[in-house]
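Trainee: pasted the sequence and its predicted model underneath.
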Amino acid sequence: MQRIVRLPLLLLSFVLFLAGCGEASAPEPFGALPSARQQEWHTMQYYAFIHFGPNTFTDMEWGHGDENPEVFNPSELDARQWVRTFKEAGMQGVVITAKHHDGFALWPSAFSDYTVRESEWKDGQGDVLRELSDACKEYGLKFGVYLSPWDRNHPQYGTDEYNDVFKSMLTEVLTSYGDVFEVWFDGANGEGPNGKKQVYDFPGFAEVVRTHQPGAVIFSDAGPDIRWVGNEQGYSDTTSWSTLNIEDFYPGIGGKNDELLHGQQGGSAWLPPEVDTSIRPGWFYHKDQDDQVKSLDRLIDTWYRSVGMNANLLLNIPVDSRGLVHENDAARLLELKAYLDDAFDTNLANNVEMGATADAGSSRGRGFEEERAIDGDLETYWATPDGENSGAITVQFDELTEVNAILLQEYIPLGQRVTDFTVQVMKDGLWQEVASGTTIGNRRIVQFPRESTLSVSVKINALAPITLANLEVYNTPDR
């Protein structure tokens, strides 16, 4: 009789033991979450903007729309040279001004008489978008387009019919050149050739994108996928939320630059920032700016203050009047690539030779241990138990190691939740604070004075249980 009673108890104990060996449950999602297309965009860091058109040949920034289309006549246009340069520079995609405010289309649109078809280039038989998209496919870069709804040339601009014209032109671009990863809508709104302004149908424009390129992210002051960062100087900020109350914004809103820069904690929509800036003073090519390409140190700062502050960097490289990336621009891009390769070649937190290990006060259990934050896999993460919104994770080395930078990434499919953090190093047996910050989000890189240490610790406060997907430690070059 005793054996009959004890056997179920033993089985129950064994079942409970096996259950305890299983993986813990994941934290609940928190706040607004990124879509699949936004998550794909977040995996990128750095890509090229190309401003190219009649302005390249008239030495202007904003054309009036009445320039003779024959002025567009690059003598050596080579889209393969552009993309090859960007590939060598470590960029992951290209966004080109398919149509700027002047209305000139870089493809032979059936809905405009102001296109490459009317130019001298290739006797009107050319198509810049075709050549660029083909080059992107060849070199494995993503292809994106900028289309300004403002059109200073089209006779129907300012009428109800023009929105349909713009949708038709947008459809041509989105159905003729393969996959498009980003569609960039400028919110500029001025008069057309008839002296009228247009009431833009941005919801209708977005619907065209969703219909023909559902994987593409849409950029504007109000997204709906990614937002302008609020400046063109090349920086995000230390506080950068990927969420925004999207209902309070619209393309070309103006006066909301601070909210666009920092985002809004608890915002209703996932709307992360993109930093757009130019490698030169102007957006289009100007010969007198050949010696004004930004310095390497300036570009390094831009990279850290964009890619390192929860944003992606869209760096403008204006193609010159030959139709080439100028030698000065190309050289500076490769200098930046050399610096980044040197700085981020060796992740000390995932270095077997250093004997690096991770330790945290607690985790929510199997599958969410602290080692998940240093394993190099962004699909795994360290997570704290429910109710524990603060914690610390420490990377330990077998021997004294020089460090001066860390990279942090939250597991953003479950939302952005970190509000602040501090970085400490062990020095002479005591913890010494070397850096602090506020938000993390998709990516946060923090630099501090070089220290020789056995341990680096990050203390984190959050709005919900911590989900840290990545912690990397570096010894970056002196600048």
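Mentor: Great, that's in hand.
Trainee: this protein: helices as residue ranges?
Mentor: For the chain, the helices defined by DSSP state H cover 2-21, 36-42, 55-58, 79-88, 128-139, 160-176, 202-212, 257-262, 296-304, 327-343.
Trainee: how about G158, what does it touch?
Mentor: Neighbouring residues of G158 by C-beta atoms under 8 Å, 6 or more residues apart in numbering: 191-192, 194-198. (Each C-beta comes from the backbone N, C-alpha and C, glycine too.)
Trainee: the closest residue to it other than its chain neighbours - how many residues pack around it?
Mentor: The shortest distance from G158 to any residue other than its chain neighbours is 2.6 Å, reached at K196 (C-beta to C-beta, 6 or more residues apart in numbering). As a burial measure, K196 scores 13 neighbours (other C-beta atoms under 10 Å).
Trainee: tell me the pLDDT at K196?
Mentor: The score at K196 is 96. That number is its pLDDT.
Trainee: for it, grab phi and psi.
Mentor: Backbone torsions for K196, taken as degrees, to the nearest 10, come to phi -110, psi 160.
Trainee: what about D237, how many residues nearby?
Mentor: 19.
Trainee: ignore what I typed, I meant Q39.
Mentor: Going by other C-beta under 10 Å, the residues that sit close to Q39 add up to 14.
Trainee: the one 4 residues further on too?
Mentor: Taking other C-beta under 10 Å as the neighbour definition, T43 ends up with a count of 10.
Trainee: for Y411, same thing?
Mentor: Y411: 25 surrounding residues under other C-beta under 10 Å.
Trainee: surely it meets P465?
Mentor: No. When contacts are counted by C-beta atoms under 8 Å, Y411 is not listed as touching P465 (10.7 Å).
Trainee: give me the common contacts of the two.
Mentor: Going by C-beta under 8 Å, 6+ apart, residues that sit against Y411 and also against P465 are A383.
Trainee: in space, what's closest to the residue sitting nearest the centre point of the chain - neighbours in sequence excluded?
Mentor: Note on the chain: the residue nearest the mean C-alpha position is N312, at 2.3 Å, using C-alpha atoms, centre = their mean. Counting by C-beta to C-beta, 6+ apart, E274 is the residue found nearest to N312 once chain neighbours are left out, at 5.2 Å.
Trainee: cool, and W283?
Mentor: Using C-beta to C-beta, 6+ apart and skipping the chain neighbours, the partner closest in space to W283 is H51 (4.4 Å).
Trainee: about what we covered before: list the contacts for the residue nearest to the centre of the chain?
Mentor: Contacts for N312 (C-beta under 8 Å, 6+ apart) come out as 41-42, 44-47, 226, 272-275, 306.
Trainee: do you have the strands of the stretch 201-350 of the chain handy? List them.
Mentor: Per DSSP state E, counting those that start in this stretch, the stretch 201-350 of the chain carries strands over the ranges 217-220, 226-228, 243-244, 269-270, 273-278, 312-316.
Trainee: closest one to I300 among those strands?
Mentor: With C-beta to C-beta, the closest approach to I300 among the strands of the stretch 201-350 of the chain belongs to strand 312-316: 11.6 Å.
Trainee: each with direction, which strands does the closest one pair with?
Mentor: Neighbouring strands of strand 312-316 in its sheet, by DSSP bridges, are strand 46-50 (parallel), strand 273-278 (parallel).
Trainee: got JSON lines for the ones you listed, with distance to R37, mean pLDDT and mean neighbour count too?
Mentor: Written out in JSON lines, the entries for those read as follows (distance: least, C-beta to C-beta, whole Å; pLDDT from 0 to 100; neighbours: other C-beta atoms under 10 Å):
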{"stretch": "strand 46-50", "distance to R37": "15", "mean pLDDT": "98", "mean neighbour count": "23"}
{"stretch": "strand 273-278", "distance to R37": "14", "mean pLDDT": "98", "mean neighbour count": "23"}
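Trainee: could you dump the ones you listed to JSON lines with distance to V180?
Mentor: As requested, those are arranged in JSON lines below (distance: least, C-beta to C-beta, whole Å):
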{"stretch": "strand 46-50", "distance to V180": "13"}
{"stretch": "strand 273-278", "distance to V180": "16"}
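Trainee: indicate which one of those strands is closest to H262.
Mentor: Go through the strands paired with strand 312-316 one by one with C-beta to C-beta and the one that ends up closest to H262 is strand 273-278, at 9.0 Å.
Trainee: where does the stretch 301-450 of the chain dip in pLDDT?
Mentor: When residues are selected by pLDDT under 70, those of the stretch 301-450 of the chain lie in 352-353.
Trainee: separation between P54 and E76?
Mentor: Using C-beta to C-beta, to the nearest Å, one gets 18 Å for the distance from P54 to E76.
Trainee: what is the burial count for D288?
Mentor: Using other C-beta under 10 Å, the number of residues around D288 comes to 9.
Trainee: oh, that last question was meant for R80, not what I typed.
Mentor: The number of residues packed around R80, counting by other C-beta under 10 Å, is 14.
Trainee: pretty sure it contacts A135?
Mentor: Yes. Using C-beta under 8 Å, R80 and A135 qualify as a contacting pair, with a distance of 4.6 Å.
Trainee: L261: which of the strands of the stretch 201-350 of the chain is closest?
Mentor: Ranking the strands of the stretch 201-350 of the chain by proximity to L261 (C-beta to C-beta) places strand 273-278 first, at 7.5 Å.
Trainee: right, and M169 touches K99 too?
Mentor: Yes. Contact criterion C-beta under 8 Å: M169 and K99 qualify, at 6.9 Å.
Trainee: pick out whichever of these two has more residues nearby.
Mentor: K99 (30 against 25).
Trainee: specify the beta-bridge partners of that one.
Mentor: A105, L147.
Trainee: how near is it to I460?
Mentor: Noted for K99: a distance of 45 Å to I460, by C-beta to C-beta.
Trainee: roughly how far is the longest strand anywhere in the chain from the heart of the chain?
Mentor: In the chain, assigned by DSSP state E, the strand with the most residues is strand 390-410. Taking C-alpha atoms, centre = their mean, to the nearest Å, the mean C-alpha location of strand 390-410 is offset from the chain mean by 25 Å.
Trainee: and for G391, nearest residue in space, chain neighbours not counted?
Mentor: Going by C-beta to C-beta, 6+ apart, G391 has T384 as its nearest residue, at 4.8 Å.
Trainee: surely the one you found touches I466?
Mentor: Yes. At 4.6 Å, T384 counts as touching I466 under the criterion of C-beta under 8 Å.
Trainee: of P54 and E76, who's got more company?
Mentor: Comparing P54 with E76 by other C-beta under 10 Å, the one with more neighbours is P54, at 25 against 10.
Trainee: show me the contacts for the more buried one.
Mentor: Residues touching P54, when contacts are defined by C-beta under 8 Å, 6+ apart, comprise 60, 63, 67, 69, 71-72, 102, 104.
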